[in-house]
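1. Mind looking at a prediction? Sequence and model below.
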Amino acid sequence: MAEVIDRHELWASLDMDLETHDVLCSVLPTAFGDTFLSQENRPEGMAFWDMVVADVHGIRPQELVDEQAKGRKVFGTFCTYVPDEVAIACNGIVTGLCGGSQFWVPEGEKYLPADMCPLIKASLGARLGKTCPFFRIADQIVGETTCDGKKKMYEIMAKDVPMHIMELPHQKRDKDVKYFADEIALFGKNVEEVTGVTLTEENLHAAIELINGRRKALARVYETRKNTDVIPISGTDALLMMQIAFFDDPARCTEMANKLADELEQRIADGVSVFPAGTKRILITGTPMAIPNWKLHHIVETSGAAIVCEENCTGTKFFTNLVDEGPTDFAGMYQALAERYMKINCTCFTPNEARIDEVIQLAKDYHVDGVINTNLKFCTTFKTEAPALEKALEDAGIPVLDIETDYTDNDAEQLRTRIGAFVEMLS
Amino acid sequence: MYRIGIDIGSTAAKAAVLDENNQLVYTVVMPTGFNGVEAAHRLADDLDAHGYDTNELPTVATGYGRVSVPYADKTITEITCHGMGADYLFGEDGLVIDVGGQDTKAILLADGKVKKFVMNDKCAAGTGKFLEVIADRMGVTQEELADLASQGEHTPISSMCTVFAESEVISLVGRGEPRENIANGVIESVVGRVASLTSSMASDQVFLTGGLCENDYVVGRLAHHLNRPVKTAPNARFAGAIGAALNAGN
Ligand code: SF4
Ligand code: SF4
């Protein structure tokens, strides 16, 4: 691996807790090595993401700080409903902030009830514990009214950092879409204030095109995972690409994903597969898997199965559906944005039956042998929706396994048994 | 040729030997103790002494300690093995419930194969562990606990969590509640929990395997909660080991 640059100066300039952060830095390489570098026959294109993740608190944070020095502003977000386009239109930079490691959970539990989902606890812990550079760098945090836990967490975080909250309706009637279009316009005002750059119809349209381009590139990679003759990329690698997509410069993300897609398409033509023929194909559905949460993917793919698709916010929900590029006036573009984002079928909506249809369609499109439906512990909405989803899958003749887990390794052996048994059952 | 199945559970380590006609010719059970590897060696000594050479004969390991059996040719999860073992013992499709020392599983069989399964979450409620803790606390064996329960009246134990339930039992004892009634409440709690675990699995036939199946009172209460007859078989506690042996040598 490339020489590691010492980033302590950067981290100190961000007022981080260096001592505690060093502990995190000392465990991440092992976790990464065990999960990724032990895989065989990886696509060469993964070298880019390996490099980024090897220096995950260095490379991209340094870039962000350099851009800030030139006057650009950084927006931190937690949810796939927040439209990147608006911030990017005003020359802003968007970075994902969801915490995916147990490392931050105890710090979050100082302020939040223990029976709250680990993603929320880790996110707050990362900010208040000063152990994540992205949280330190963000000039403005953009929250959203999705689940109750996040809403209340934002109130606590807002005491420490500027926060803009987008109101997300919880139904999908026409008036709700219209409402969200207005919320996007309001977010536009906030972005103008933070960046000092005027939002114009031209720069907004250009941003819509840019982000659509990213969606298309990521979708191309996923398209290759539908192939039934070969599995050109492991689920673990595809997940890493998705996780980094939240942090990376969109143009570079698009370029790298397109390059990877070229390579994967070539692999299909050449019959190159990461897994032996006949390996059982799994669709993962449920709660997001924020970096560095690779737990389920690693267990599944070392238990004799392959993950070929993720129906979650670090998967298809991030790129499915494009924003209509037809409208060029503000009202039309806000409406087009609202329509695209409101098509995401998150469990914070009611009713949410479209998600069930979407999952069944994905199971067919990706030719899966089984579905693993998972939710982070204490996530009420995903957990409550699980039985209906699982019943619909069973009725459609698709075997499904339900897994509730968190970021700790305590249940790794139990999960190995369940997942191993599920794979045996599919054989 | 003989085939060996080893099932290293959290409380009991079991072995089963099948002959070439798939007849069950030998079984042995011993406490797992602290160390799965050591339990596997004790089983090997016993099998070797009875003429079943663990180094020569095809052997499959299952159970939570399946990776600690050095002489096994392969490992298979306990879900698959329990399913196959139950199919062997009962010869018909149905819902197999196994109340183990550490976890409780429910397996739906269709055409002799696992069609669906659930396991209790990472918590001792509804498992043998719960009974073990409470029986220990009351100074009786699990069998005695069941006997006591059969003579008692129902006293609800409301806590799902074993640790809280234990303190609930202590306060019931302190209040002078008869042991029989407490035991009754404890068994009802476990059985009720097992029944709710299996609520999503429709089946007319229910088979109980694992250690608890040898207790008539528990079997009866489970049948009551499930509203269906519950069958057991003489060697039902060896279901996992038998399933493992059925997989050996293929
Ligand atoms: S799961 Fe729902 S709330 Fe969470 S990031 Fe996705 S859309 Fe947002
Ligand atoms: S996983 Fe569930 S509880 Fe956690 S942030 Fe997402 S929607 Fe909220």
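-> Sure, I can see it. Ligands and ions are numbered 1, 2, ... in the order given.

2. so what's B:T209 up against?
-> With contact set as CB atoms under 8 Å, 6 or more residues apart in numbering or on different chains, B:T209 has these partners: B:H82, B:G85, B:A86, B:L89, B:V96, B:I97, B:D98, B:T232, B:A236, B:R237, B:A239, B:G240. C-beta coordinates here come from the backbone N, C-alpha and C atoms, glycine included.

3. so what's the fifth one up against?
-> Pointing back at B:V96 there. So B:V96 contacts B:H82, B:G83, B:A86, B:K105, B:A106, B:I107, B:L108, B:L109, B:F207, B:L208, B:T209, B:A239 (CB under 8 Å, 6+ apart).

4. low pLDDT regions in chain B?
-> Residues of chain B that meet the criterion pLDDT under 70 lie in B:121-125, B:160, B:211.

5. residue closest to the middle of it?
-> Centroid-nearest residue in chain B, with CA atoms, centre = their mean: B:G210, separated by 2.5 Å.

6. Which one of the contacts of B:V96 is nearest to B:V219?
-> B:L208 (5.9 Å; CB to CB).

7. Give the buried residues for stretch A:292-311.
-> For stretch A:292-311, burial by neighbour count (16 or more other CB atoms under 10 Å in any protein chain shown) applies to A:292-311.

8. pretty sure B:V114 belongs to a strand, no?
-> Yes. B:V114 sits within a strand when classified using DSSP: H, G, I helix; E, B strand; the rest coil.

9. Correct me if wrong: it contacts B:E78.
-> No. Judged on CB atoms under 8 Å, B:V114 makes no contact with B:E78 at a distance of 11.0 Å.

10. Count residues in the vicinity of the closest residue to B:D53 other than its chain neighbours, would you?
-> The shortest distance from B:D53 to any non-neighbouring residue, by CB to CB, 6 or more residues apart in numbering or on different chains, is to B:L47 (7.8 Å). B:L47 has 22 neighbours, counted by other CB atoms under 10 Å in any protein chain shown.

11. close enough to count as contact, B:L47 and B:V17?
-> Yes. Between B:L47 and B:V17 there is a contact under CB under 8 Å: 7.1 Å.

12. what sits against the spatially most central residue of chain A?
-> The centroid of chain A falls nearest to A:T314 when counting by CA atoms, centre = their mean (2.9 Å). By CB under 8 Å, 6+ apart, the contact list for A:T314 reads A:L239, A:M242, A:Q243, A:F246, A:P288, A:M289, A:A290.

13. Check A:I282 too.
-> Contacts of A:I282 by CB under 8 Å, 6+ apart are A:G235, A:V300, A:A305, A:A306, A:I307, A:V308, A:V368, A:D369, A:G370, A:V371, A:I372.

14. Assign a three-state SS to it, would you?
-> Assignment for A:I282 (three-state DSSP): strand.

15. Mind listing the residues bridging to it?
-> Beta-bridge pairing for A:I282 (DSSP bridges): A:I307, A:G370.

16. where's it relative to A:K172, distance?
-> 29 Å (CB to CB, to the nearest Å).

17. And for A:C79?
-> 16 Å.

18. who's more crowded, those two?
-> More crowded of A:C79 and A:K172, by other CB under 10 Å: A:C79, with 23 against 18.

19. residues touching that one, list them.
-> Applying CB under 8 Å, 6+ apart, the residues near A:C79 are A:G143, A:E144, A:T146, A:K150, A:C313.

20. same deal with A:T198?
-> A:C90, A:E192.

21. residue contacts, A:G99?
-> With CB under 8 Å, 6+ apart, A:G99 has these contacts: A:V105, A:G108, A:P118, A:L119, A:K121, A:A122, A:S123, A:L124, A:G125, A:A126, A:C132, A:A290.

22. Look up the closest residue to it, ignoring the ones flanking it.
-> A:A122 (2.8 Å).

23. what about the one you found, which helix or strand?
-> Per DSSP states H and E: A:A122 is located in helix A:118-128.

24. Which strands and helices lie in contact with the longest helix seen in chain B?
-> The residue-count maximum for a helix in chain B (DSSP state H) belongs to helix B:179-197. Secondary-structure packing of helix B:179-197 (3 or more CB pairs under 8 Å, 6 or more residues apart in numbering or on different chains; DSSP states H and E): strand B:95-99, strand B:104-110, helix B:128-138, helix B:142-151, helix B:162-174, helix B:216-226.

25. count of residues packed around residue 237?
-> Using chain A here. Counted with other CB under 10 Å, A:D237 comes out at 25.

26. that's the wrong chain, I wanted chain B
-> By other CB under 10 Å, the burial measure for B:R237, its neighbour count, is 24.

27. Spit out the contact partners of it.
-> Per CB under 8 Å, 6+ apart, neighbours of B:R237: B:A12, B:K14, B:V29, B:T209, B:G210, B:G211, B:C213, B:E214.

28. repeat for A:W104
-> With contact taken as CB under 8 Å, 6+ apart, A:W104 is in contact with A:K121, A:A122, A:S123, A:L124, A:G125, A:A126, A:G129, A:T131, A:C132.
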